[in-house]
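Asks: Sequence and predicted structure, then a few things I'm wondering about:
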Amino acid sequence: MRTNSKTEDEAILSLVDEAIQKAEKEFKPKTLYRIFDCNINEDVIEIQGYTFNSKRLAENLSGCKRVVVFGATLGTECDRMINLSVLENLSMGIALQAAAAQMIEEVCDNLEEEIKREYGVSLTQRFSPGYFDLDITEQKKVFELLELTKRIGITLTDTFEMLPAKSVTAFIGIEEILTPSP
């Protein structure tokens, strides 16, 4: 995967390739999503009895009647491998960290594509707690809605950090697709 590389240094490219191969072999992504009806009022989003206060999220979901709420993780092995690599070989640890960051984004992108195909819908952009004016503390409600700890093993610290570290939660609006009338 050297398509976007800005270096021609073979040692760096080899290290990156090795990190990507390790990540693809060892990390075990897990995802969970649910689709909910939602009500949007100016800067408040209501989902399944929970309210989320964010003008920017409300703008992102504008016009949507349903929302996907999801969680994704690369699992605890990812954290263990990165932490061990940093101690044994800092360069590999950094390369694994970068490979994991790219991999979790790909997991989220693939989940979005799966939802689009399965339901035949168009989706808004992902929006996560901690973005703009959606406070990171809202993460607790997402965890309750999805039961992320029980279902896919993501935990939330008292400072709202997710563990494993390479984990993502997000809201994605479902835009209604209008089918042309005959």
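Replies: Received the coordinates, thanks. Numbering: from 1, shown residues only.
Asks: give me the low-pLDDT residue ranges for this protein?
Replies: Scanning the chain for pLDDT under 70 picks out 1-5, 7, 177-182.
Asks: Determine the number of other residues adjacent to the nearest residue in space to E176 that is not next to it in sequence.
Replies: Leaving aside its chain neighbours, E176 sits nearest to K65 (6.8 Å; criterion: CB to CB, 6 or more residues apart in numbering). Every C-beta, even on glycine, is put in place using the N, C-alpha and C of the backbone. K65: 13 surrounding residues under other CB atoms under 10 Å.
Asks: Buried residues in the strand ranked longest in the chain, which are they?
Replies: Using DSSP state E to assign secondary structure, the strand with the most residues in the chain is strand 30-41. Judged by neighbour count using 16 or more other CB atoms under 10 Å, the buried positions of strand 30-41 are K30, L32, Y33, F36, C38, I40.
Asks: what's in contact with the next helix-or-strand element following it?
Replies: Following strand 30-41 in sequence order, the next helix or strand is strand 44-47 (DSSP states H and E). By CB atoms under 8 Å, 6 or more residues apart in numbering, the residues outside strand 44-47 that reach it are 36-40, 51-54, 57-58, 61, 67, 69, 145, 171.
Asks: just these now: which is nearest L13?
Replies: F171 (37.0 Å; CB to CB).
Asks: what's the following helix or strand after the helix ranked longest in the chain?
Replies: In the chain, taking DSSP state H as the definition, the longest helix is helix 90-119. Downstream of helix 90-119, the next assigned helix or strand under DSSP H and E is strand 122-123.
Asks: Go ahead and name everything in contact with that next one.
Replies: Identification of contacts with strand 122-123 by CB under 8 Å, 6+ apart yields V68, E112, I115, K116, I172, G173, I174, E175, I177.
Asks: before we move on, what SS does the fifth one have?
Replies: Spelled out, it's I172. strand (DSSP: H, G, I helix; E, B strand; the rest coil).
Asks: Go ahead and confirm R66 touches I40.
Replies: No: if you go by CB atoms under 8 Å, R66 and I40 don't touch, sitting 11.0 Å apart.
Asks: And stretch 71-79, what's buried?
Replies: G71, A72, T73, L74, G75, T76, C78, D79.
Asks: Over to it now: how far is its first residue from its last?
Replies: 17 Å (CA to CA, to the nearest Å).
Asks: Please compute how far it lies from its chain's middle.
Replies: 11 Å (CA atoms, centre = their mean, to the nearest Å).
Asks: Repeat that for stretch 91-98.
Replies: Distance of stretch 91-98 from the chain centroid (CA atoms, centre = their mean) equals 20 Å.
Asks: if I look at the closest residue to F132 other than its chain neighbours, how far off is P129?
Replies: With CB to CB, 6+ apart as the criterion, F132 has its nearest non-adjacent residue at 4.1 Å, and that residue is R56. R56 sits 12 Å away from P129, going by CB to CB, to the nearest Å.
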